[in-house]
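In: Predicted structure and sequence below. I'll ask about it afterward.
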Amino acid sequence: MVYEAVIRVTVEEDYMLFTLEDFIVHPADYAGLDMTAPPVAEFGLLRLPLKKRENFGAWSNVLWDEKTAVAIMGADASAHIDGEERKDYMLLSADAVKGSRLRGESAALFCTAKEEFLDAVDQFEKDLGLYAGVKSRRSDLINASIYWSADVTPENVDEHIRRAKEGGFHLMLLYYTCLFREGNLYALLGNYDYRAEYPNGRRDLEKMLEKIKAAGILPGFHMLQTHIGVKSRYVTPRADHRLHLTRHFTLAKAYRGEDFLEVEEDPTDTVMADKCRILAFGGELFSYEGYLAERPYRFTGVRRGAHDTLPADHPAGQIGGVLDVSEYGGGSIYLDQESSLADEIAEKLADAYNAGFTFCYFDGSEGVSAPFDYNVPRGQMRVLNKFKTRRSSWRARPNRTSRGTICPAATPLISSRPRSSKRRSANTRPRKHPVCGRTSPASTSAGGASGLLRPRPICMNTAHPVPPDGTAR
């Protein structure tokens with residue numbers, strides 16, 4: 001496998017951003033091969049071995065002690081970020097993965113004094129228009145107790161407000177069953193039909209949320225964005241093709257009502273939990289009791305019409321598979337994160353949230369297919385992106401959308417972004433690097449108010465001091 005990679009390295013005052021721009025492939029390298037070149041499955045954007053320190057935070061992928069904090073973070077949900085403990089050191093890494101994202105993938109490197117770390121991440125979130133994680137972490141409400149209920153309605157909300165105020169609660173989390181009709185064990189998830197207590201639907205919800213807020217309490221929405229109920233319109237009378245399948249199977253022969261389904265693929269290790277043995281073919285669901293793991297491969301003890309689905313034709317060659325039934329009682333099914341159903345459900349949930357909720361809880365986020373580190377935040381972001389107040393109101397720095405300087409990875413160049421005048425004035429004095437202790441020269445403007453600032457020296461590894469010429473290693 002022969003290729004070169006083009007990586008853009010952008011130096012900001014608070015972090016360095018690494019972006020995989022493209023691959024350089026010479027035609028002669030793959031001569032005679034009809035393939036999409038280069039055949040890259042995973043590309044390492046950053047690999048940073050570091051001496052172990054007192055603390056490691058896996059959620060933020062940050063290593064720190066009393067003096068220094070070093071971290072690698074993704075610039076979006078698709079980057080594969082990891083911190084791996086080795087015998088004598090920690091390996092922080094960022095990878096671009098095929099199927100999630102290769103070209104355009106970005107990750108940031110932070111190396112700051114301990115007390116400046118959250119400030120640096122805060123600026124990073126503002127620059128890239130990300131969700132305001134630092135602002136949330138610093139909120140006085142981050143550790144506040146929450147009043148939770150599954151049965152708050154316009155008819156009884158006054159009583160719940162009274163109880164919440166007596167308990168000193170400033171947050172009230174409403175389970176989705178407060179708003180929407182539900183059967184038994186998540187069975188109607190996905191329909192999101194308002195309860196009878198909301199005759200005017202969303203307008204009644206808006207009034208109830210205003211009443212809660214008028215009492216000095218912030219209302220939150222407790223949702224399950226990855227689940228579809230087994231009695232919902234997405235399952236019966238015809239199962240939606242956008243429900244997730246854990247494994248795919250092809251019918252080896254047409255199904256004509258037998259107590260078995262003959263398939264082409266070996267069903268070894270197929271799901272056998274009692275309430276999860278469900279197959280989906282052509283909109284009809286089948287339960288099964290077992291399988292044969294030698295040819296002819298079969299699912300045995302088959303009963304058609306599971307979960308009240310209607311009979312359908314099933315010719316040879318039809319592709320279906322094992323339905324991804326939730327392990328929590330079998331009352332719901334996980335939707336396919338690659339399908340439009342994920343956006344459809346996100347629209348319904350966001351419409352309710354936008355009635356006046358102020359925070360949310362994404363329950364059941366683990367109910368996605370691999371890669372989990374991509375699909376878990378991806379499922380959440382689908383909903384968040386539809387909120388009216390979906391991100392911080394901060395604007396990115398000027399010229400944030402420009403391409404900057406790109407170059408082959410072997411000899412990366414450095415590009416710098418224009419700074420605001422406020423940031424510029426704060427950076428005109430010499431500063432000491434928190435790791436190596438060297439003092440950087442004062443930055444100066446290269447072209448007045450709209451000019452580029454000279455990036456201050458940055459160490460990417462504590463073992464490498466800032467070079468005398470001020471360039472970044």
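Out: Structure's in. What do you need?

In: use CA for all of it now, contacts and neighbours both
Out: Fine.

In: quick one: low-confidence parts of the stretch 351-473 of the chain?
Out: 390-473 (pLDDT under 70).

In: tell me the domain boundaries of this protein?
Out: 1-132+397-473, 147-229+337-384, 245-323 (automatic domain parsing).

In: if you average pLDDT over the shortest one, what comes out?
Out: Read that as domain 245-323. Averaging pLDDT along domain 245-323 yields 97.

In: Not counting its neighbours along the chain, what's nearest the most centrally placed residue in the chain?
Out: Taking CA atoms, centre = their mean, the centroid of the chain lies closest to Pro377, which sits 1.3 Å from it. Excluding its sequence neighbours, the residue lying closest to Pro377 (CA to CA, 6 or more residues apart in numbering) is Ala77, at 6.1 Å.

In: Helix, strand or coil: sort out Ala370 for me.
Out: coil (DSSP: H, G, I helix; E, B strand; the rest coil).

In: Tell me where the protein has helices.
Out: Ranges of helices within the chain are 117-128, 133-137, 157-166, 202-214, 340-353, 372-384, 421-425, based on DSSP state H.

In: Who are the contact partners of Pro234?
Out: Heads up, residue 234 is Tyr, not Pro. Residues near Tyr234 by CA atoms under 8 Å, 6 or more residues apart in numbering: Gly190, Asn191, Ile228, Asp240.

In: separation between it and Thr300?
Out: 26 Å (CA to CA, to the nearest Å).

In: what about Arg138, neighbour count?
Out: Counted by other CA atoms under 10 Å, the residues lying close to Arg138 total 11.

In: So for it, what's the pLDDT?
Out: Per-residue pLDDT puts Arg138 at 94.

In: Equivalent analysis for Met35, please.
Out: Met35 carries a pLDDT value of 85.

In: Include distance to Asp363 when you put the helices of the chain into CSV, please.
Out: Compiled in CSV, the helices of the chain are given as follows (distance: least, CA to CA, whole Å):
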stretch, distance to Asp363
helix 117-128, 24
helix 133-137, 18
helix 157-166, 22
helix 202-214, 21
helix 340-353, 13
helix 372-384, 10
helix 421-425, 39
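
In: For Ser100, find the nearest of these.
Out: helix 372-384 (7.2 Å; CA to CA).

In: outside of the closest one, which residues touch it?
Out: Counting by CA under 8 Å, 6+ apart, 77-80, 100, 225-226, 337, 342-343, 346-347, 349-350, 362, 365-369, 390 sit against helix 372-384.

In: mind listing what's buried in that helix?
Out: Asp373, Tyr374, Asn375, Val376, Pro377, Arg378, Gly379, Gln380, Met381, Arg382, Val383, Leu384 (16 or more other CA atoms under 10 Å).

In: for stretch 142-155, same thing?
Out: Ile146, Tyr147, Trp148, Val152, Thr153, Pro154.

In: And for stretch 7-26?
Out: Under the neighbour-count criterion of 16+ other CA under 10 Å, stretch 7-26 has 7-23 buried.

In: wait, doesn't Lys114 sit right on Trp64?
Out: Yes - Lys114 is in contact with Trp64 according to CA atoms under 8 Å; the separation is 6.9 Å.

In: between those two, who's got more neighbours?
Out: When Lys114 and Trp64 are compared for neighbours, Trp64 comes out ahead with 20 against 17, by other CA under 10 Å.

In: Burial check on the closest residue to the more buried one other than its chain neighbours, number of neighbours?
Out: Spatial nearest neighbour of Trp64, excluding adjacent residues (CA to CA, 6+ apart): Asn55 at 5.3 Å. By other CA under 10 Å, 12 other residues sit near Asn55.

In: And Asn55, how close does it get to Gly133?
Out: From Asn55 to Gly133 the distance is 20 Å (CA to CA).

In: same deal with Arg47?
Out: 24 Å.

In: try Ser339
Out: Taking CA to CA, one finds Ser339 at 28 Å from Gly133.

In: ditto for Leu20
Out: Taking CA to CA as the measure, Leu20 falls 25 Å from Gly133.

In: thought Leu173 was touching Ser145?
Out: No - using CA under 8 Å, Leu173 makes no contact with Ser145, being 10.3 Å away.

In: From Ala346, how far off is Leu261?
Out: 35 Å.

In: Please apply the same query to Tyr198.
Out: Relative to Ala346, Tyr198 is positioned 21 Å away (criterion: CA to CA).

In: More neighbours: the two, which one.
Out: Ala346 (23 against 18).

In: OK, contacts around that one?
Out: If a contact means CA under 8 Å, 6+ apart, then Ala346 has Gln225, Arg382, Val383, Lys386 as its contacts.

In: With Tyr175 instead?
Out: Counting by CA under 8 Å, 6+ apart, Tyr175 has contacts Trp148, Ser149, Ala150, Asp151, Phe221, His222, Met223.

In: Look up the residues forming beta bridges with it.
Out: His222 (DSSP bridges).

In: Looking at it now. What's its pLDDT?
Out: Tyr175 is assigned 98 on the pLDDT scale.

In: how far away is it from Tyr186?
Out: To Tyr186, Tyr175 is 12 Å away according to CA to CA.

In: Please apply the same query to Ser369.
Out: Distance from Ser369 to Tyr186, by CA to CA: 20 Å.

In: which residues touch the closest residue to Asp336 other than its chain neighbours?
Out: Here the nearest residue to Asp336 in space, its sequence neighbours aside, is His244; by CA to CA, 6+ apart that works out to 4.2 Å. With contact set as CA under 8 Å, 6+ apart, His244 has these partners: Leu323, Asp324, Ile333, Tyr334, Leu335, Asp336, Gln337.

In: what's the closest of those to Tyr30?
Out: Gln337 (34.3 Å).

In: Straight-line length of stretch 62-69, end to end?
Out: By CA to CA, one end of stretch 62-69 lies 7 Å from the other end.

In: hey, where'd the strands end up in the stretch 301-450 of the chain?
Out: Remark: strands assigned in the stretch 301-450 of the chain by DSSP state E, counting those that start in this stretch are 303-304, 319-323, 332-334, 359-362, 415-416, 431-432, 439-440.

In: Of those strands, which is nearest Asp95?
Out: Nearest of the strands of the stretch 301-450 of the chain to Asp95, taken as CA to CA: strand 415-416 at 21.4 Å.

In: What about the buried residues of stretch 142-155, which are in strands?
Out: Those of the buried residues of stretch 142-155 mapping onto strands are Tyr147, Trp148, per DSSP state E.

In: nearest to Asp29, of the buried residues of stretch 142-155?
Out: When the buried residues of stretch 142-155 are compared for distance to Asp29 (CA to CA), Ile146 wins out at 60.6 Å.

In: Spatially, what comes nearest to the closest one if we skip its sequence neighbours?
Out: Per CA to CA, 6+ apart, closest to Ile146 is Leu171, 5.0 Å.

In: One more: Leu243?
Out: Using CA to CA, 6+ apart, the closest residue to Leu243 is Leu335 (4.5 Å).
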